[in-house]
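Engineer: predicted model, plus sequence, below.
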Amino acid sequence: MTIRALRTLLAIERHGSFAAAGKAVGLSTSAVSLQVRDLERHLQATLFDRAGRLPRLTTAGHAAIARAREIVRLYDELPASLAAGDAIAGTLMLGAIPTTLTGFLPEALGRLHRRHPRLRVRLVAGLSAELAAGVERGELDAALTTEPMERLPPDLAWTEVSREKLAVIAPPGARGRDDKALLESHPLIRFNRRAWAGRLIDAELRRRGIAVVEGMELDSLEAIARMVKRGLGASVVPARLAALPEAKGLRVVPFGKPPLVRTVGLVSRPGSPRAPLIEALLATLRPT
């Protein structure tokens, strides 16, 4: 088994066929097939189901892809790691929910770069569940997500890094003595219910018996604020949204007494070879 064979395996997964992978890595289709068969013999597992027109990864194939991605990354980073001596160096694949991108993450990544200039972060945005699945598959080293609504797989861990209160935002001049009145007198502009935060908000609305009229369902806090500002509805969002330019002039009241809190944390794989890089990231994310 060679690094080149693992690169070929990753190319098949990325491009969808042996022929396309061959073009990407500079091999013939037959040479790609030979490398795959050698890998399967070495691993004593069938990596692809070849019954259809295109090869499909088996369960063993998906597991091999995750490990191959990690091995190839470590191999590629070995020269930089040696050059850096004991310093933190390499590339960290980090997932992040969009709300952190306009929140605490940019400042934290700035601190991380100043402390560890040889550490590079490749950022992927997505919803919490999708990002956690990416960590489980080995596509991401870690991911910033809302607190999981269900138990994570046993090989993953979640570490809290931030808490933020939620608030109701309503159009400028909106009438209503409290959050319930505001939400029941305007169409609800929901934060995506596929997101864990959206499900948290939905569960609290149902628990409190707040009767809402469905309006829109959006992913972007900035888009939600603009819709609310145009009088198209009310929404429940992180309270810090009130500080954004898009929210200027909106009516803002706490969501609940005390306000409901959304917790953000880092999903990672304990014992990962990337643990030193993840710990360096956590050190910049945790409150000081």
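Structural biologist: Structure received. The model shown is predicted, which means the values in this text are computed figures rather than measured ones.
Engineer: ok but Ile201 is inside a helix, no?
Structural biologist: Yes. Assessed with DSSP: H, G, I helix; E, B strand; the rest coil, Ile201 lies in a helix.
Engineer: show me the contacts for it.
Structural biologist: Residues near Ile201 by C-beta atoms under 8 Å, 6 or more residues apart in numbering: Leu166, Arg190, Phe191, Val236, Phe255, Leu260. Heads up, the C-betas are built off the backbone N, CA and C, glycines and all.
Engineer: Ile169 too?
Structural biologist: Here Ile169 is in contact with 224-225, 228, 234-237, 241-242, 247, 250-252 (criterion: C-beta under 8 Å, 6+ apart).
Engineer: wait, is it part of a strand?
Structural biologist: Yes. According to three-state DSSP, Ile169 belongs to a strand.
Engineer: so how far is Arg175 from it?
Structural biologist: Applying C-beta to C-beta, to the nearest Å, the value for Ile169 to Arg175 is 14 Å.
Engineer: next one: Pro258
Structural biologist: 24 Å.
Engineer: what of Gly265?
Structural biologist: Counting by C-beta to C-beta, the separation of Gly265 from Arg175 is 38 Å.
Engineer: now the buried members of the contacts of Ile169.
Structural biologist: Ile224, Ala225, Val228, Ala234, Ser235, Val236, Val237, Leu241, Ala247, Leu250, Arg251, Val252 (16 or more other C-beta atoms under 10 Å).
Engineer: mind picking the two most distant members of those residues?
Structural biologist: Largest separation among the buried ones among the contacts of Ile169 by C-beta to C-beta: Ile224 and Arg251, giving 14.1 Å.
Engineer: and the strands in the stretch 51-200 of the chain?
Structural biologist: 56-57, 90-96, 119-125, 142-146, 157-170, 187-191 (DSSP state E, counting those that start in this stretch).
Engineer: for the last one, which positions count as buried?
Structural biologist: Pointing back at strand 187-191 there. Pro187, Leu188, Ile189, Arg190, Phe191.
Engineer: quick one: work out the angle between it and strand 157-170.
Structural biologist: 160 degrees (axes from the mean of the first three to the mean of the last three C-alpha atoms, to 10 degrees).
Engineer: low pLDDT regions in this structure?
Structural biologist: Applying pLDDT under 70 to the chain flags the ranges 77-87, 287-288.
Engineer: ok, 80 please
Structural biologist: The chain contains residues with pLDDT under 80 at 1, 25, 50-54, 70, 72-89, 149, 241-247, 271-273, 286-288.
Engineer: enumerate every residue touching Val253.
Structural biologist: With contact taken as C-beta under 8 Å, 6+ apart, Val253 is in contact with Ala167, Val168, Ala170, Asp178, Asp179, Leu182.
Engineer: still on that earlier bit, among the contacts of Ile169, which ones are in strands?
Structural biologist: Under the assignment DSSP state E, these contribute Ser235, Val236, Val237, Arg251, Val252 to strands.
Engineer: what distance do you get for the last one to Gly173?
Structural biologist: Computed as C-beta to C-beta, the Val252 to Gly173 distance reads 13 Å.
Engineer: now Ile88
Structural biologist: Separation of Ile88 from Gly173 (C-beta to C-beta) stands at 51 Å.
Engineer: okay, the two: which has more neighbours?
Structural biologist: Neighbours were counted for Ile88 and for Gly173 using other C-beta atoms under 10 Å; Ile88 has more, 19 against 9.
Engineer: what sits against the more buried one?
Structural biologist: Per C-beta under 8 Å, 6+ apart, neighbours of Ile88: Arg115, His116, Arg118, Leu119, Pro276, Leu277, Ala280.
Engineer: buried ones in stretch 141-157?
Structural biologist: Judged by neighbour count (16+ other C-beta under 10 Å), stretch 141-157 contains these buried residues: Asp141, Ala142, Ala143, Leu144, Thr145, Thr146, Glu147, Pro148, Leu156, Ala157.
Engineer: could you find the closest non-adjacent residue to Ser33?
Structural biologist: Phe18 (5.8 Å; C-beta to C-beta, 6 or more residues apart in numbering).
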